[in-house]
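Novice: Build the 3D model from these lines:
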Amino acid sequence: KLSHVKPHGVMYVMSLEDAELAEAVIAAVAEVDNTLLLYSFDKRHSELAARYGVRLVQEGFVDLAYDDAGNLIIEREKQAWDPSLVSSRAIRLVREGKVATASGRDLDISPESICLHGDAPNSVEVIRTVRQSLRDAGIAVRPLTDTGSVPAEPG
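Specialist: Here you go, the predicted model:
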């Protein structure tokens with residue numbers, strides 16, 4: 001069963017920066033099924049999503065870099081990341097709500113979900129390592145649909 005929608009790549013970033021495009025995406029999700037979760041880099045369009053009864057889920061990225069303004073640095077072609085580094089970023093994000101930017105500055109974010117990319121050359125190794133590291137740190141890994149959260153009510 002389809003449980004979520006996530007625009008990909010450039011469309012993901014464009015829908016964050018363009019309110020008109022964001023509304024089109026949100027309206028399309030609502031038209032198909034407003035119980036679908038809509039994954040987003042941040043919550044800047046949460047009020048708009050709530051008007052359509054769509055639940056926005058903020059993601060944290062541990063295998064992509066952030067700039068100092070808090071924007072994702074999208075890789076033209078997904079690069080291999082060190083599994084240990086990605087794991088430590090994931091644990092820190094869960095425990096502290098922080099991730100280091102490309103320049104080393106700490107960025108405060110409060111994601112409900114962590115995104116790991118499946119198109120990196122070593123994605124399977126990264127995903128396995130992150131999952132095991134989270135378990136070893138006593139952090140439960142579960143689908144967002146198991147949290148009991150429900151979509152926002154239309155406003």
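Novice: which residues touch Ala100?
Specialist: Ala100 is in contact with Arg89, Asp106, Leu107, counting by C-beta atoms under 8 Å, 6 or more residues apart in numbering. In short, each C-beta sits where N, CA and C put it, glycine included.
Novice: List just the nearest of those to Asn34.
Specialist: Nearest to Asn34 out of these is Leu107 (C-beta to C-beta; 30.7 Å).
Novice: correct me, but that closest one touches Glu96?
Specialist: No - Leu107 lies out of contact with Glu96 (C-beta atoms under 8 Å); the separation is 10.9 Å.
Novice: what about the two, which has more around it?
Specialist: The neighbour count for Leu107 versus Glu96, taken as other C-beta atoms under 10 Å, is higher for Leu107 (17 against 10).
Novice: Hmm, Lys98 is touching Pro111, no?
Specialist: No - with contacts counted by C-beta under 8 Å, Lys98 stays clear of Pro111, the gap being 11.1 Å.
Novice: These two: which is more packed in?
Specialist: Taking neighbours as other C-beta under 10 Å, Lys98 and Pro111 compare with Pro111 leading, 21 against 13.
Novice: I'd like to know how far the more buried one sits from Val29.
Specialist: 19 Å (C-beta to C-beta, to the nearest Å).
Novice: what do you get for Thr35?
Specialist: Distance from Thr35 to Val29, counting by C-beta to C-beta: 10 Å.
Novice: So between these two, which is more surrounded?
Specialist: For Thr35 and Val29, the more surrounded residue by other C-beta under 10 Å is Val29, and the numbers stand at 24 against 15.
Novice: So for the host helix or strand of that one, what gets flagged as buried?
Specialist: For Val29, the host element (DSSP states H and E) is helix 19-33. Neighbour counts using 16 or more other C-beta atoms under 10 Å place Ala22, Glu23, Val25, Ile26, Val29, Ala30 of helix 19-33 among the buried residues.
Novice: what does stretch 100-120 give?
Specialist: Buried residues in stretch 100-120 (16+ other C-beta under 10 Å): Ala100, Thr101, Leu107, Ile109, Pro111, Glu112, Ser113, Ile114, Cys115, Leu116, His117, Ala120.
Novice: Pull the most distant pair out of those residues.
Specialist: Pairwise over these, using C-beta to C-beta, the maximum falls at Glu112 and Ala120, 22.6 Å.
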